[in-house]
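> Next come a sequence and a model predicted from it.
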Amino acid sequence: MPSDTKQTPKDKEPASAAPVKGGGKHKADAHAAASKAPDAEGVASAKAGGKKEVDAHAAAHKAPAAEGAVPEEAKPVRVKAARTVSVGIAHVNATFNNTQVSITDTKGQVLAWSSSGRMGFRGTRKSTAYAATMVAQEVARQISPYRMQEIEVRVQGPGSGRESAVRALQSAGLMITVIRDVTPMPHNGCRARKRRRV
């Protein structure tokens, strides 16, 4: 007896019912994994280049502000002009081995200095009167931009370049107002060194 209901062939079944009949739970899991794959790829790319992408993103946002900002004006370069020091103090330190000459202002700030060793003298020639003359001339040349006119000389030490340095400063055009000996003299303080044998 033929039935009233018509059975549809298998190939005409609805598409939504096909995975449920054929695969069951395994096909459903595969479908869920496929839907999650793009999210996983996004996370992986974020982990791989996360910081670089964030930096690029921040730079892109900051770029318009930097372009629209007014450029800072270049700071003017200060040119140090030589100040005029009309009065100075010349410190001459003449020892048995070397002669050092330095010129300062009245506050004690060094303006120029030189020594026998700096002038190229070596050995026993460093303590000669000629070396002291050359040192004083070099110092006088260094202070020429300051336009110094008067100078006070303070001599220290027992070296042979004491008088030579003072004469060289005077011959360089500096007017010497005072020559003062500031060699330290002990008043029975520390034990003196043994006498030098010449």
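Thanks, I have it. Residues are numbered from 1 along each chain as shown.

> Tell me the confidence at the closest residue to residue 129 other than its chain neighbours?
Nearest residue to residue 129 in three dimensions, chain neighbours excluded: residue 164, at 3.9 Å (CB to CB, 6 or more residues apart in numbering). Where you see a C-beta, it was placed from the backbone N, CA and C, and this is true even at glycine. pLDDT for residue 164: 94.

> In three-state terms, how would residue 164 be classified?
On the three-state scheme (DSSP: H, G, I helix; E, B strand; the rest coil), residue 164 is labelled helix.

> Wait, a helix at residue 124?
Yes - per three-state DSSP, residue 124 lies within a helix segment.

> Tell me how many other residues crowd it.
By other CB atoms under 10 Å, 9 other residues sit near residue 124.

> any idea how far it lies from residue 116?
Note on residue 124: its distance to residue 116, by CB to CB, to the nearest Å, is 11 Å.

> quick one: pLDDT of residue 100?
Reported pLDDT for residue 100: 96.

> Enumerate every residue touching it.
Going by CB atoms under 8 Å, 6 or more residues apart in numbering, residue 100 touches 91-94, 113-116, 135.

> Run a quick neighbour tally on residue 111.
When neighbours are counted by other CB under 10 Å, residue 111 comes out with 19.

> ok so, going back, any idea which of the contacts of residue 100 is closest to residue 154?
Using CB to CB, residue 91 comes nearest to residue 154 of these, at 5.3 Å.

> doesn't residue 154 make contact with the closest one?
Yes - Residue 91 lies in contact with residue 154 (CB atoms under 8 Å); the separation is 5.3 Å.

> so what's residue 179 bridging to?
residue 153 (DSSP bridges).

> dump the residue contacts of it.
Applying CB under 8 Å, 6+ apart to residue 179 gives the contacts 153, 155, 166.

> residue contacts, the last one?
With contacts defined as CB under 8 Å, 6+ apart, residue 166 is in contact with 92, 136, 153, 155, 176, 179.
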